[in-house]
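Got a sequence here, can you build the structure:
(chains A and B)
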2 protein chains.
Amino acid sequence: MPLPERELIARIRRTAKTRGAAVRLGIGDDCAILRPPAGHEVLLTTDFSLEGVHFRRAWHPPESVGHRCLARGLSDIAAMGGHPLAAFLSLALPADIPQRWPDRFFSGLMALADEFSLTLAGGDVAQSLSGVLADIVVIGSAPTGKAVLRSGARPADLIYVTGELGASVAALEELRSGKKLPPRSRPRHFYPLPRIEIGKALRGKASAMIDTSDGLSTDLAHICEESRVGAVIYADALPRARGASLDFALHGGEDYELLFTAPAARRIPPFVAGVRLNRIGEIVRGGGVSLLDDRGRRMPLASRGWQHFDRSN
Amino acid sequence: MPLPERELIARIRRTAKTRGAAVRLGIGDDCAILRPPAGHEVLLTTDFSLEGVHFRRAWHPPESVGHRCLARGLSDIAAMGGHPLAAFLSLALPADIPQRWPDRFFSGLMALADEFSLTLAGGDVAQSLSGVLADIVVIGSAPTGKAVLRSGARPADLIYVTGELGASVAALEELRSGKKLPPRSRPRHFYPLPRIEIGKALRGKASAMIDTSDGLSTDLAHICEESRVGAVIYADALPRARGASLDFALHGGEDYELLFTAPAARRIPPFVAGVRLNRIGEIVRGGGVSLLDDRGRRMPLASRGWQHFDRSN
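Numbers count the residues shown, from 1 in each chain, chains lettered A, B, ... in the order given. Next comes the predicted model:
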């Protein structure tokens, strides 16, 4: 076996740095020990990154796979208005993977961790019989009672989304068509930046929040279900990324923007941390999501989401 | 797809019950929200259960796979002297798996969770391109500063192990030989019981502790490395399970017993929660693990551990 578990653990230990008072004990025991800040609650999210389902080795350089793996978890922390404290990585590798691959994967993952002074505090390693399998756990915290839930949207609240929509799936479609993409040319697909600062700034302002990991139509439906309300989206207000069709903006996933609601009377700044916050619709009584097109016609918007790319080919 | 992610999530929501004040928000948002008891630290462990690596569908009934998946994480909490609070399950299933399989998997997992009043508070679901992939996260807590680490063993400490050793790998060898085993006939392999109560009772008594997931020789070497000490094991004091050779007792993994050290002056009860605590050796200066055989000969004991069964056939 070119990469025994022992060596992988040793590499993780070398790579991981214990930073911040929140991690009392990191890698090297049966459990990690965490001390969340006083007066805070603990947030926890787990996300798979499976080869052939969430990424392809032929399309995604290892640094991008490591970055996206951690970004998925960080984005969930952002969507609660939380501050990230530590990450745990479970990683299973096929026996025949070139040794460079995990090195570059960790380099991408840790570069993003460094941006948030995040500790890689543990995890698990195993051999995989088929493909690279990763599962990331991110632990964060928010002041007690201040985390922003999906369930707080109320009729007449306004709906906002950060940044632009559809960039990630637009790049995916280019990859699917056989085009070679330099990763740095499509950063929102290969190196999405979780909106941690914006999420924290929206604590106490947003009434409900979610990240656009499954696509606007699906993620907004989650807010509506949990809040027991409906929503209307204005088609011509959607901030579409360059190259993104209306369909991509409505249903494309993995943009990792923040989708949130706020009472109309609450002042939402036009920019936070250099990123535009766009008003795109409003919450209504009832249920379901509708789209209001540029000719004033209102039609139901199905929660199509975007099927992970493995399913349709 | 016979088992869409949506339905799997719905099933998890129906199955999971939020119990105890520690879980403020469970499944159904971007993150779970946890409130650990005041004056406690948070313990966290993650463990893979991969088909073909940690179990085989032909050998292990789904209830056993679910039980063992959670038992692995609970045993890590036990090894710190912790109390379990919540679990998070990431589960990827092949598209062609019969619907009964995940039902029975959850039934086995939740039966064990019920024994510890544990909440299944979140996780992730995905489609797997090859085999069942599970990753369990267990969160626990221990009074601040009281968790038992691997690093606290000191020369002249005595070494103890709970229960019996080698039962799990003995059953595995029977399975490997083609024998059909009724799962209830080999409970320590199919339905191991994590030693949570014993772990908590040993807080303040044990100087170092680990669970025997990789096998005594490997797990004791972990204590020695982290504590910078050596160890001598008495061959004739090892509590061997019925049908377990000395090799099975020394190197067989997945028994999920507790291996711990304590100063010689500290009284260790002979039984806790109906389980015998066996004195099996002592900590010495230096490094490495030795075996003292019944003729008084001392020889180095290699950390062979037990290779997961997929590797050797």
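
and A:Arg72, what does it touch?
A:47, A:49, A:136, A:213, A:256 (Cβ atoms under 8 Å, 6 or more residues apart in numbering or on different chains). The C-beta positions use only the backbone N, C-alpha and C, and glycine is treated the same way.

any weak-confidence spans in the stretch 201-313 of chain A?
Scanning the stretch 201-313 of chain A with the threshold set as pLDDT under 70 gives A:305-313.

Okay, helices next: where are they in it?
A:216-227, A:246-251 (DSSP state H, counting those that start in this stretch).

Identify whichever of these lies nearest to B:Ser207.
In terms of Cβ to Cβ, the element of the helices of the stretch 201-313 of chain A nearest to B:Ser207 is helix A:216-227, at 47.6 Å.

Pull the distance from that closest one to the chain's centre.
16 Å (Cα atoms, centre = their mean, to the nearest Å).

What's the separation between A:Arg279 and A:Asp157?
With distances taken as Cβ to Cβ, to the nearest Å, A:Arg279 is found 11 Å from A:Asp157.

go on, A:Ala95?
Taking Cβ to Cβ as the measure, A:Ala95 falls 52 Å from A:Asp157.

returning to that earlier point: compare A:Arg279 and A:Asp157 and say which one has the larger neighbour count.
A:Asp157 (25 against 15; other Cβ atoms under 10 Å in any protein chain shown).

Just put the contacts of A:Arg72 in a markdown table and tack on distance to chain B.
A markdown table is the format used below for the contacts of A:Arg72 (distance: Cβ to the nearest Cβ, whole Å):
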| residue | distance to chain B |
| --- | --- |
| A:Asp47 | 5 |
| A:Ser49 | 9 |
| A:Ile136 | 9 |
| A:Ser213 | 9 |
| A:Tyr256 | 11 |
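
out of those residues, who has the most neighbours?
Among the contacts of A:Arg72, the one with the most neighbours (other Cβ under 10 Å) is A:Ile136, at 30 neighbours.

Going by secondary structure, it is in what exactly?
Element membership for A:Ile136, per DSSP states H and E: strand A:133-143.

Sheet-wise, list the partners of that strand with their directions.
Strand A:133-143 has the following sheet partners, assigned by DSSP bridges: strand A:40-50 (antiparallel), strand A:83-94 (antiparallel).

In a markdown table: the ones you listed, plus mean pLDDT.
As requested, these are arranged in a markdown table below (pLDDT from 0 to 100):
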| stretch | mean pLDDT |
| --- | --- |
| strand A:40-50 | 96 |
| strand A:83-94 | 95 |
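
if you skip the residues just before and after it, what's nearest to A:Arg240?
Spatially, and ignoring its direct neighbours in sequence, A:Arg240 is nearest to A:Ala249 (4.5 Å; Cβ to Cβ, 6 or more residues apart in numbering or on different chains).

show me the contacts for the one you found.
Contacts of A:Ala249 were listed using Cβ under 8 Å, 6+ apart, and they are A:165-166, A:216, A:238-241.

For those, work out which two are farthest apart.
Within those, A:Leu216 and A:Ala241 form the most distant pair, 12.2 Å apart (Cβ to Cβ).

In terms of packing, which of these two has more residues around it?
Legend: neighbour count by other Cβ under 10 Å for A:Leu216 and A:Ala241, higher for A:Leu216 (31 against 22).

So the nearest residue to that one once chain neighbours are set aside versus chain B, what's the distance?
The spatially closest residue to A:Leu216, leaving aside those adjacent along the chain, is A:Leu250, at 5.5 Å (Cβ to Cβ, 6+ apart). Distance, A:Leu250 to chain B, by Cβ to the nearest Cβ, to the nearest Å: 19 Å.

what's the answer for A:Pro102, then?
Distance, A:Pro102 to chain B, using Cβ to the nearest Cβ: 16 Å.
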